[in-house]
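# Provide a 3D model corresponding to the input given below.
(2 chains)
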Amino acid sequence: GAVVSQHPSWVICKSGTSVKIECRSLDFQATTMFWYRQFPKQSLMLMATSNEGSKATYEQGVEKDKFLINHASLTLSTLTVTSAHPEDSSFYICSARDWSGDPYEQYFGPGTRLTVT
Amino acid sequence: TQLLEQSPQFLSIQEGENLTVYCNSSSVFSSLQWYRQEPGEGPVLLVTVVTGGEVKKLKRLTFQFGDARKDSSLHITAAQTGDTGLYLCAGDGIHGSGNTGKLIFGQGTTLQVKP
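Numbers count the residues shown, from 1 in each chain, chains lettered A, B, ... in the order given. Below you'll find the model as predicted:
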């Protein structure tokens, strides 16, 4: 199956600082990637859709100025958590859809654990 | 309002038993995917179903998509301790709008298989 990587796998930062998380599709081109967050013992919640070469589309209730998304190439999307606060601590997961298959399949990265102290 | 209702949310069984996890919605989906997730890792795709009434088998796992494409089930035969994990269903193309990649997830089922 297709592979999606994320970096870093975990990060600890101080309140008020910014953190960048990278998501890469390793063996296919992804014009669209998705960012999710997951709290302990809960399911995944979609935050935003990252579109290559254009602005991201955010889900209702997600602050676009706080969660900056950049999708500069067909294999890389980045999520920057700006001015992080402890309530931003969560498991962030990206996914990318491989449209070449039938049916289309979506693959998830291994996730990034963010802890804001 | 939860668009995809997954049940049960927790399941603890003995090795060798069978189990079924359900994923129900009042909305039609263009496709539905099942994932398994282990703690601290991303979800791993198990199967994608797209046709109403479709049945797919993956070794001891059987997946079914309802005729109306509103519900799905995952059946595990003779569960093993290695099956322990969080199982997630996710729908794409709500209301039959076509696959977009924007997945709506169920709440998840935490399965514990005891030796």
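# chain B contacts on chain A?
Counting by C-beta under 8 Å from any C-beta of the partner chain, chain A comes close to chain B at A:1, A:4, A:6, A:32, A:34, A:41-46, A:49, A:91, A:93, A:95, A:97, A:103-111, A:113. Just so you know, the C-beta spots here come from the backbone N, C-alpha and C atoms, and that holds for glycine as well.
# and those, which of them are buried?
Buried by 16 or more other C-beta atoms under 10 Å in any protein chain shown: A:4, A:6, A:32, A:34, A:43-46, A:49, A:91, A:93, A:95, A:97, A:104-111, out of the residues of chain A next to chain B.
# residue boundaries of the strands in chain A?
Secondary structure of chain A by DSSP state E: the strands cover A:4-7, A:10-13, A:19-25, A:32-38, A:44-51, A:57-58, A:67-73, A:76-81, A:90-98, A:105-108, A:112-116.
# pick out the shakiest of the ones you listed, pLDDT-wise.
In terms of mean pLDDT, the lowest-scoring of these is strand A:105-108 (a mean of 85).
# export it to CSV, keeping only CA atoms.
What follows is strand A:105-108, C-alpha atoms only, in CSV (Å, rounded to 0.1, in the frame of the first residue of the first chain):
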residue,chain,number,x,y,z
GLU,A,105,-8.0,4.5,-1.1
GLN,A,106,-6.9,6.9,1.6
TYR,A,107,-3.7,6.4,3.6
PHE,A,108,-2.8,7.9,7.0
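# can you give the contact residues for that strand?
A:1-4, A:25, A:34, A:93-98, B:33, B:35, B:42-45, B:48, B:92, B:101, B:103 (C-beta atoms under 8 Å, 6 or more residues apart in numbering or on different chains).
# picking up where we left off before, so which of the strands of chain A gets nearest residue B:110?
strand A:32-38 (13.3 Å; C-beta to C-beta).
# which other helices and strands does the closest one contact?
strand A:19-25, strand A:44-51, strand A:67-73, strand A:76-81, strand A:90-98 (3 or more C-beta pairs under 8 Å, 6 or more residues apart in numbering or on different chains; DSSP states H and E).
# show me what it pairs with in its sheet, parallel or antiparallel.
If you go by DSSP bridges, strand A:32-38 pairs up with strand A:44-51 (antiparallel), strand A:90-98 (antiparallel).
# let me see the residues that make contact with the last one.
Residues external to strand A:90-98 that are found in contact with it (C-beta under 8 Å, 6+ apart): A:2, A:4, A:6, A:21, A:23, A:25, A:28, A:30, A:32-40, A:44, A:50, A:77, A:79, A:81, A:104-109, A:111-114, B:40, B:42-43, B:101, B:103.
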